[in-house]
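S.K.: Just to be clear, the model below is a prediction. Sequence and coordinates:
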Amino acid sequence: MRITTIATAGLLALSSATLANAETTAELPAVAPILTGAVNLDFAETAAGKTAGTMGVELDFDAGDIATVDLDFKATDGSAITLDTWTVGTSVAGLGLAFGDNNNLMPETGANASADGTLAKPAMTESLQVTMGAASVAVGLTSWTTDISEISNLQGAYTIDAGIADVTASADYNRTTENTVFGGEVSGVDLGMMTAGGALTYDTDAEAFAYEGSVALSGLEAYINGDDANKLQHVGGEYTMNVAGAELSAGIDYDTDSKDWSPQAGLSFNF
């Protein structure tokens, strides 16, 4: 209810400001879209070796410049719409504050994280994130609706603009297990016709490294990943193109262990 109230208040404030300023000036700063969405048709191979499709709807509320209010709703055919991820916050004197369940600071895979990703994925539920310049710290809460003082984990990240690329160092500390996961990421490496990047994680308890490299060329994004026990686990990619207002995508993942190809395709109508 509080999230809905904040979002509604942000929308009313934006509407009031727009009406008031329209009479005094014809040139207003651009405001981000209030509500965007998409209807998705996705097709992928199932565990039974069949090709199955799903229809989903996404709605994204973004308050733009007036505040940090980002609410992402999702629904699939036959199910009720649910709040998938949310963030609310503000920025004061160069200090950014954000509260929500989408504040992960660790490197993320470009593959299907649950099936094909190798990077360590420390759990981060609802958290308070503080950002100042290139540094960010997120305090994860075990269950904020039960006890807001119970901290589950701490994450931190710092990004350096190295000229040819952005370099980010990050870490996650779990208070329950006392385990630390370190992360590193390089993004935006300009190779002329394409851009490249890479990510690395190290889990101190498991004593395990994992990596992922990626390249992007026009609508094509490809990746390769593995870990210290298995240097090459997955190779895959996805190509996306816009046709007459619709977004078409086709991708595939190759598991080098099982020697299995996993194709997928999608059709999205954005509004």
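M.R.: Happy to help now that I have it. Please read all numbers here as calculations on a predicted model, not as lab measurements. Residues are numbered from 1 along each chain as shown.

S.K.: Could you list the low-pLDDT ranges of the stretch 1-150 of the chain?
M.R.: 1-33, 64-67 (pLDDT under 70).

S.K.: what about stretch 229-237, distance to the chain center?
M.R.: Centroid separation between stretch 229-237 and its chain, computed with CA atoms, centre = their mean, to the nearest Å, is 22 Å.

S.K.: again, but for stretch 199-213
M.R.: In terms of CA atoms, centre = their mean, the centre of stretch 199-213 is set 19 Å apart from its chain centre.

S.K.: Could I have the CA atoms of it written out in CSV?
M.R.: Extracted C-alpha coordinates of stretch 199-213, given in CSV (Å, rounded to 0.1, in the frame of the first residue of the first chain):
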residue,chain,number,x,y,z
ALA,A,199,33.0,-10.4,-15.5
LEU,A,200,34.6,-12.5,-12.7
THR,A,201,33.5,-13.8,-9.3
TYR,A,202,35.4,-15.5,-6.5
ASP,A,203,33.5,-17.4,-3.7
THR,A,204,35.8,-17.6,-0.7
ASP,A,205,34.0,-20.5,1.0
ALA,A,206,33.8,-22.6,-2.1
GLU,A,207,37.2,-21.3,-3.2
ALA,A,208,35.8,-21.1,-6.7
PHE,A,209,36.4,-18.7,-9.6
ALA,A,210,33.8,-18.2,-12.3
TYR,A,211,34.0,-16.0,-15.4
GLU,A,212,31.9,-14.7,-18.3
GLY,A,213,33.0,-12.9,-21.5
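
S.K.: how about it: buried residues?
M.R.: Ala199, Leu200, Thr201, Tyr202, Asp203, Phe209, Ala210, Tyr211, Glu212, Gly213 (16 or more other CB atoms under 10 Å). The way it works is simple: take the backbone N, C-alpha and C, and place the C-beta from them, glycine included.

S.K.: which two in those are spaced the farthest apart?
M.R.: Farthest pair in the buried residues of stretch 199-213 (CB to CB) is Asp203 and Gly213. Separation: 19.0 Å.

S.K.: Against Ala52, how distant is Ala123?
M.R.: Counting by CB to CB, to the nearest Å, the separation of Ala123 from Ala52 is 29 Å.
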